[in-house]
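Asks: Sequence unavailable; structure follows:
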């Protein structure tokens, strides 16, 4: 395998694409492989990463040098990026991994998928494209053991803490989640809601306005909005501090914060839809079943008539969501540790993810 020449094109930043990219790079580094590495936007930000070694950074530098001095377009390249903008390639044989969250791929998106060996991190997305005649692959993501671990700290033993995660969007149903939770549990000292939902693609004042709107001008003492957490070590602490993570997004490519929370042994309330279904089940999560779909348009991230990102998201009954929260509370009261959830760490690993990536690269 060490003689297998291939390339990587990855974004190395602090958002989801970058987090996954660093996990993939670490796995190839551990294996002693030497791919040529092209960095999206030619910019590296590893400031959020935990335990990043000088040797690993030196290896990244050497792989980038290889891309500049000796890369051959006949070598297959693995690219992690949005569908939009992925027609370009450093290879005649490109495997493209992307996160897709909706259900109506446009002609533009379908054409890009057809011109790559396209991989989705969701079996739902794979099926959406296969129904349109595009032969795609499904490769699950893994548990990031370099950045996330149990802290074994006793955070808030006198209350049950819920965590809301992910950057604020209509797609993730944050407004409905938070308003429903406040209506049932607001100002009840037995429960607490921590919200880490700052959207890095919005201005600070926009994020602050969203938080005020969600509270409706009321003083709810058991709801807290956290500032953006710039380090994975801080985010790991946040995930560990909760008892129940809420994952009710209407469309996900994987759901990294929710997945890592459950794998850390946290209980969860999860919408049984899109990519959540690839790792959440009746044994490790409290599931809410969708009751239909809504248009995804929000005027910001999903705009009607755009060349990409068209379609619908799953929706749910707010009453059933609260019933699931009550069920999750009962689970916490019996045992704060979700033992079934911790099994996800061995079930989904980046060793398995990269095994599949290499298998696909060798086949194209």
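Replies: Looks like it arrived, so ask away. Everything quoted here is computed from the prediction, not taken from an experiment.
Asks: need the next SSE after the longest strand along the chain, C-terminal direction.
Replies: Ranked by residue count under DSSP state E, the longest strand found in the chain is strand 36-44. Following strand 36-44 in sequence order, the next helix or strand is helix 54-69 (DSSP states H and E).
Asks: What helices and strands are in contact with that next one?
Replies: strand 7-12, helix 16-30, strand 36-44 (3 or more C-beta pairs under 8 Å, 6 or more residues apart in numbering; DSSP states H and E). Where C-beta positions appear, they are placed from N, C-alpha and C, glycine not excepted.
Asks: Show me what the second one is packed against.
Replies: Using 3+ C-beta pairs under 8 Å, 6+ apart as the contact criterion, the neighbours of helix 16-30 among helices and strands are strand 7-12, helix 54-69, strand 77-80, helix 256-263, helix 350-363.
Asks: Just give me how far the longest one sits from the chain centre.
Replies: Looking back up the chat, that one is helix 54-69. With C-alpha atoms, centre = their mean, to the nearest Å as the basis, helix 54-69 stands 26 Å off its chain's centre.
Asks: by how many degrees do it and strand 36-44 diverge?
Replies: Angle between the axes of helix 54-69 and strand 36-44 is 110 degrees (criterion: axes from the mean of the first three to the mean of the last three C-alpha atoms, to 10 degrees).
Asks: neighbours of residue 331, just the number please.
Replies: For residue 331, the neighbour count with other C-beta atoms under 10 Å is 16.
Asks: hang on, it packs against residue 338?
Replies: Yes - if you go by C-beta atoms under 8 Å, residue 331 and residue 338 touch, sitting 7.4 Å apart.
Asks: Now do the shared contacts for those two.
Replies: residue 267 (C-beta atoms under 8 Å, 6 or more residues apart in numbering).
Asks: phi, psi of the closest residue to residue 361 other than its chain neighbours?
Replies: Counting by C-beta to C-beta, 6 or more residues apart in numbering, residue 361 lies nearest to residue 76, which is 4.4 Å off, once chain neighbours are set aside. Note on residue 76: backbone dihedrals following degrees, to the nearest 10 are phi -70, psi 150.
Asks: for residue 245, helix, strand, or coil?
Replies: Following DSSP: H, G, I helix; E, B strand; the rest coil, the label given to residue 245 is strand.
Asks: Tell me how many other residues surround the residue lying closest to it once chain neighbours are set aside.
Replies: Computed as C-beta to C-beta, 6+ apart, the closest residue to residue 245 that is not its neighbour in sequence is residue 261, at 3.8 Å. Residues lying near residue 261 (other C-beta under 10 Å) number 27.
Asks: Now for residue 15: which residues touch it?
Replies: Residue 15 touches residue 200, counting by C-beta under 8 Å, 6+ apart.
Asks: Let me fix that, I meant to ask about residue 246.
Replies: With C-beta under 8 Å, 6+ apart, residue 246 has these contacts: 162-165, 177, 181, 258, 268-269, 325.
Asks: Recalculate using a threshold of 6 Å.
Replies: By C-beta atoms under 6 Å, 6 or more residues apart in numbering, the contact set of residue 246 is 162, 164, 177, 269.
Asks: partners of it in the sheet?
Replies: Beta-bridge partners for residue 246, by DSSP bridges, are residue 164, residue 269.
Asks: between the helices and strands packed on helix 16-30, which gets nearest to residue 214?
Replies: helix 256-263 (18.2 Å; C-beta to C-beta).
Asks: chain center to the closest one, what's the gap?
Replies: On C-alpha atoms, centre = their mean, the centre of helix 256-263 falls 9 Å from that of its chain.
Asks: cool, stretch 284-292 as well?
Replies: 18 Å.
Asks: quick revisit: deepest in the core, which of the helices and strands packed on helix 54-69 is it.
Replies: strand 7-12 (a mean of 23; mean count of other C-beta atoms under 10 Å).
Asks: hmm, who's touching that one?
Replies: 17-18, 21, 35-40, 44, 71, 75, 77-80, 90.
Asks: same check, this time on stretch 181-198
Replies: Contacts of stretch 181-198 (C-beta under 6 Å, 6+ apart): 159-165, 168, 174, 207, 220-226, 228, 238, 322.
Asks: Skip the chain neighbours and tell me the closest residue to residue 210.
Replies: residue 168 (5.5 Å).
Asks: Assign a three-state SS to the one you found, would you?
Replies: Once three-state DSSP is applied, residue 168 turns out coil.
Asks: just for the stretch 151-300 of the chain, where's the confidence low?
Replies: Along the stretch 151-300 of the chain, no part satisfies pLDDT under 70.
Asks: that older thread, quick one: the contacts of residue 246 as a markdown table, columns for neighbour count too.
Replies: Converted to a markdown table, those look like this (neighbours: other C-beta atoms under 10 Å):
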| residue | neighbour count |
| --- | --- |
| 162 | 28 |
| 164 | 26 |
| 177 | 25 |
| 269 | 27 |
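Asks: Out of those, the closest to residue 203 would be?
Replies: residue 164 (20.8 Å).
Asks: OK, contacts around that closest one?
Replies: Per C-beta under 6 Å, 6+ apart, neighbours of residue 164: 177, 195, 246.
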